[in-house]
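A.B. asks: Sharing a sequence plus its predicted fold:
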Amino acid sequence: MKNNKRILQLTFSYIVILAMITIILYPILWIVGSSFNPGNSLSGSSIIPENATLKHYKELFDPAQSDYLIWYWNTIKICVLTMLFSVALVCMTAYSFSRFRFVGRKNGLMTFLILQMIPNFAALIAIYALANLTGLLDTHLALILVYTGGAIPMNTYLMKGYLDTIPKELDESARMDGAGNFRIFWQIVMPLAKPMIAVICLFTFITPFTDFILARILLRSEDKFTLAVGLYEMIADQFGNEFTLFAAGSVLIAVPISLLFLSLQKYFVTGLTAGGTKG
Amino acid sequence: MGERQPKSNYEGKDHRPSKKNKKQDPHGTTNHRKIALALSIIPGFGQFYNKQWLKGSAFFILMASFFIAFSDLLQFGFWGLFTLGTDPNYDHSIVLLVEGILTLIVTILGLGVYAFNLRDAFKVGKQRDLNEAPNSVRQQYQNLVGGGFPYLMMTPGFLLLVFVVIFPILFVVLLSFTNYDLYHSPPANLVDWVGFQNFIEIFNIPIWRDTFFSVLAWTVIWTFGATTLQIALGIFLAVLMNQKGIILQKTIRTIFILPWAVPAFVSILVFAGMFNETFGTINRDILAAFGLGDIPWLTNPTYTKIALIMIQTWLGFPFIFAMVTGVLQSIPNELYEAADVDGASIFQKFRSITLPLVLYATAPIMITQYTFNFNNFNVIFLFNGGGPAVPNQNAGGTDILISWIYNLTMTSAQYGKAAAITMILSLIVITVALWQFRRTKSFQEEDMM
């Protein structure tokens, strides 16, 4: 009796698991299949194409036929620069908030708390108008600045929470030994904060990578696009006509990012959990 | 700790009363602090009174040069901010608005330095009242280097924040009180202050009111529907996978994480292809196999909404799944064994043990999921551009507030209205977020505040 119930329960579980696996994998297989499809559109194709071809991939890698490689390069460039700037600024700001008591600290923390709640694209009208006035429209610099600025409040909070857990006695004893403020920051505290620096690197790299709205507002010319905007433009005009090319482009983005993500997934969960509970 | 010693970073390092001047004034008759404060109305003079010549001159020169350098900007900036220009041939209202905000920021910075000057004079005066020797130049220098360090570290980040985050927010706030739109846009026309007219019009003009409330209603349904579904599915699968006796647990878990690993914009665009009515696989392969097909996924608002909620569930459940899996593994097994002894069913165990523990541990993150979906522009815009169009309103059938704002800004140039709606949206988000953060631990920690 007890055993029967157990078998029933497991059977039910496996049915659900199989259903879920199908739902998850189907879109992925479909897009991979589409990318090998010989035609340009999908009409008359099947999920496992009969005459599989790599021609769409070749087309993407040919600078004469598509801007795809430029978009890839633009995206990587923007993400890496955003990551570097954000991490530097976040570490410096969080260190100050965590280790020093100074006039304006309380208000500063409060401001950060409120700023991290408003998504920075909420002010998209202003960002557009400002970029327009300063001549930064259609430049990568504008995007990097906006991404970096937007990354500061939330990640500073994350970092500050982590730095608070590093015992202050360590700084004190270094100070006794004659280390200056900057040296304590650089040689004592930062090395200990490496796990959190890794999390923040990940966040500040992946956020610009997956952002669509800001890049869409600020970038105008095709050779400046990031992958998100480029891929969207590729199919926005005539959705069906270049779908297989789009599919190949998607696969080439999804595979490396997914691998990166899966290998570092632990950090994402820790980071997001810390961000949510510690504020 | 240390909060009361603003000049020193590490407690007890300086600010010590000098031993030489330990004699207390028996009657406390001196009143240097008030005199110093009063004299400081002209920056630097309070410091001169306190015989701190170097510091006094520094303050005086700083403030004087501030006025000389910015006097034009101050005058012109505030004029521009108040009038937004008088002659469309010469004045560009939006440039004036931007300069006005700049002036505002410069003024605030100036007032900050001025307040610091007053405070400093008062403090040194107080030291003198207590017969302590004012800090020597050398000590002041040390204070500046030590006390200035956090400011030095924060300045680059703070400046960037002011210009790319705070500046735009101020701009939007001010813009929502103007009539900036296609017909009032520079360089041909001027923009004017219109007070609360944008807000009033959103609620009074029928087409705006109807659109606003229908968009708001869908935003709320979307937020609650999609988020609750993704949370429920995430928890359910995590519990399912946590049973003993499931084979290939690790592999299956990895597969379940996949939708989170693929960048969302890629998945959404792929789904847009799958739901396409002419070549999409959903109609052509899957539904056709059941004898259905030709469901207008992208042209009928109701079907688009259903598709959107399903897609967001697909995209969003893996994060909840991963997080809850972590929590489940930390629940002690004894709880379940005790429940078994009492003869509890699986559902009883789930309801009374698993669910409360999971929700307790993850509630704040669950709430951020709701605010995230509230502003989830990507899925709405990339799937169907907020469409299909519906009659009698100026937003698409599946537009949520943020994508409506985007369309008002980028396609119909209704900047003033868009700014007003942004204000309403931000108000909602901030209210929810503040309510949430009040409940979290760090907010109550004495150290944080």
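C.D. replies: Good, I have the coordinates.

A.B. asks: For B:Gly85, list the residues it contacts.
C.D. replies: With Cβ atoms under 8 Å, 6 or more residues apart in numbering or on different chains as the criterion, the residues that contact B:Gly85 are B:91-93, B:96, B:186, B:190-191. Placement of C-beta: from N, CA and C, glycine included.

A.B. asks: Low-confidence ranges, the stretch 1-150 of chain A, go.
C.D. replies: Along the stretch 1-150 of chain A, the parts satisfying pLDDT under 70 run over A:1-2, A:41-47.

A.B. asks: Phi, psi for the most centrally placed residue in chain A please.
C.D. replies: Here the mean C-alpha position of chain A is nearest to the C-alpha of A:Ile206 (Cα atoms, centre = their mean), at a distance of 1.5 Å. When quoted as degrees, to the nearest 10, the phi and psi of A:Ile206 stand at phi -80, psi -30.

A.B. asks: and what of B:Gly396?
C.D. replies: phi -70, psi 170.

A.B. asks: Could you report the distance from it to B:Leu408?
C.D. replies: Using Cβ to Cβ, to the nearest Å, we find B:Gly396 at a distance of 12 Å from B:Leu408.

A.B. asks: can you tell me the helix or strand for A:Ala179?
C.D. replies: Take DSSP states H and E as the rule and A:Ala179 turns out to sit in neither a helix nor a strand.

A.B. asks: Equivalent analysis for the one 3 residues further on, please.
C.D. replies: Using DSSP H and E, A:Phe182 sits in helix A:181-183.

A.B. asks: which other helices and strands contact that helix?
C.D. replies: Secondary-structure packing of helix A:181-183 (3 or more Cβ pairs under 8 Å, 6 or more residues apart in numbering or on different chains; DSSP states H and E): helix B:137-161.

A.B. asks: which other helices and strands contact the helix or strand that comes right after the helix it packs on?
C.D. replies: Downstream of helix B:137-161, the next assigned helix or strand under DSSP H and E is helix B:167-175. When contacts are defined as 3+ Cβ pairs under 8 Å, 6+ apart, helix B:167-175 sits against helix A:124-134, helix B:93-129, helix B:415-439.

A.B. asks: pLDDT on stretch A:218-236, on average?
C.D. replies: Stretch A:218-236 carries an average pLDDT of 88.

A.B. asks: in it, what's buried?
C.D. replies: For stretch A:218-236, the buried set under the neighbour-count rule, 16 or more other Cβ atoms under 10 Å in any protein chain shown, comprises A:218-219, A:224-232, A:234-235.

A.B. asks: First-to-last residue distance for that stretch?
C.D. replies: According to Cα to Cα, to the nearest Å, stretch A:218-236 extends 18 Å from its N-terminal end residue to its C-terminal end residue.

A.B. asks: dump the residue contacts of the residue nearest to the centre of chain A.
C.D. replies: Counting by Cβ under 8 Å, 6+ apart, A:Ile206 touches A:79, A:257, A:261.

A.B. asks: how about the residues you listed in JSON lines, adding neighbour count and secondary structure?
C.D. replies: Supplementary listing: those in JSON lines, determined by neighbours: other Cβ atoms under 10 Å in any protein chain shown; DSSP: H, G, I helix; E, B strand; the rest coil:
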{"residue": "A:Cys79", "neighbour count": "22", "secondary structure": "helix"}
{"residue": "A:Ile257", "neighbour count": "18", "secondary structure": "helix"}
{"residue": "A:Phe261", "neighbour count": "20", "secondary structure": "helix"}
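
A.B. asks: near chain B, from those?
C.D. replies: Among the contacts of A:Ile206, the ones lying close to chain B by the criterion of Cβ under 8 Å from any Cβ of the partner chain are A:257, A:261.

A.B. asks: is it true that B:Met153 touches A:Ser96?
C.D. replies: Yes. In this structure, B:Met153 is within contact of A:Ser96 by Cβ atoms under 8 Å, at 4.5 Å.

A.B. asks: which one of the two has more residues nearby?
C.D. replies: With other Cβ atoms under 10 Å in any protein chain shown as the criterion, B:Met153 and A:Ser96 differ in neighbour count, and A:Ser96 comes out ahead with 27 against 23.

A.B. asks: Give me the neighbour count for the spatially closest residue to that one that is not a sequence neighbour.
C.D. replies: In space, not counting the residues next to it along the chain, A:Ser96 is nearest to B:Pro150; the distance is 3.8 Å by Cβ to Cβ, 6 or more residues apart in numbering or on different chains. Under the neighbour criterion other Cβ under 10 Å, B:Pro150 is assigned a count of 25.

A.B. asks: And the pLDDT for B:Pro150?
C.D. replies: What the model reports for B:Pro150 is a pLDDT of 83.

A.B. asks: roughly how far apart are it and B:Asn117?
C.D. replies: Counting by Cβ to Cβ, the gap from B:Pro150 to B:Asn117 is 20 Å.

A.B. asks: again, but for A:Ala94
C.D. replies: With distances defined as Cβ to Cβ, the gap from A:Ala94 to B:Asn117 amounts to 30 Å.

A.B. asks: Quick check on these two: which one has the bigger neighbour count.
C.D. replies: Comparing A:Ala94 with B:Asn117 by neighbour count (other Cβ under 10 Å), the higher total belongs to A:Ala94, at 29 against 25.

A.B. asks: you'd agree the more buried one is in a helix?
C.D. replies: Yes. The assignment for A:Ala94 is a helix, going by DSSP: H, G, I helix; E, B strand; the rest coil.

A.B. asks: Next, the contact list for it, please.
C.D. replies: A:155-160, A:162-163.

A.B. asks: Let's see that with 6 Å instead.
C.D. replies: Residues counted as contacts of A:Ala94 (Cβ atoms under 6 Å, 6 or more residues apart in numbering or on different chains) are A:156, A:159-160, A:163.

A.B. asks: Over to B:Phe319?
C.D. replies: Listed by Cβ under 6 Å, 6+ apart, the contact partners of B:Phe319 are B:Trp260.

A.B. asks: what about it, helix or strand, and which?
C.D. replies: Here B:Phe319, judged by DSSP H and E, is contained in helix B:301-328.

A.B. asks: That helix: what's the following helix or strand?
C.D. replies: Where DSSP H and E defines the elements, the next helix or strand beyond helix B:301-328 is helix B:333-341.

A.B. asks: That following helix and chain A, any residue contact?
C.D. replies: No. Helix B:333-341 lies apart from chain A when judged by Cβ under 6 Å from any Cβ of the partner chain; the minimum separation is 10.9 Å.

A.B. asks: CA atoms only: put that helix into PDB for me.
C.D. replies: In PDB, the C-alpha atoms belonging to helix B:333-341 read as follows (Å, rounded to 0.1, in the frame of the first residue of the first chain):
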ATOM      1  CA  ASN B 333      15.100  16.300   7.800                       C
ATOM      2  CA  GLU B 334      13.900  15.700  11.300                       C
ATOM      3  CA  LEU B 335      10.900  18.100  10.700                       C
ATOM      4  CA  TYR B 336       9.600  15.800   8.000                       C
ATOM      5  CA  GLU B 337      10.300  12.600  10.000                       C
ATOM      6  CA  ALA B 338       8.400  14.000  12.900                       C
ATOM      7  CA  ALA B 339       5.500  14.900  10.500                       C
ATOM      8  CA  ASP B 340       5.700  11.300   9.200                       C
ATOM      9  CA  VAL B 341       5.300   9.900  12.700                       C
END
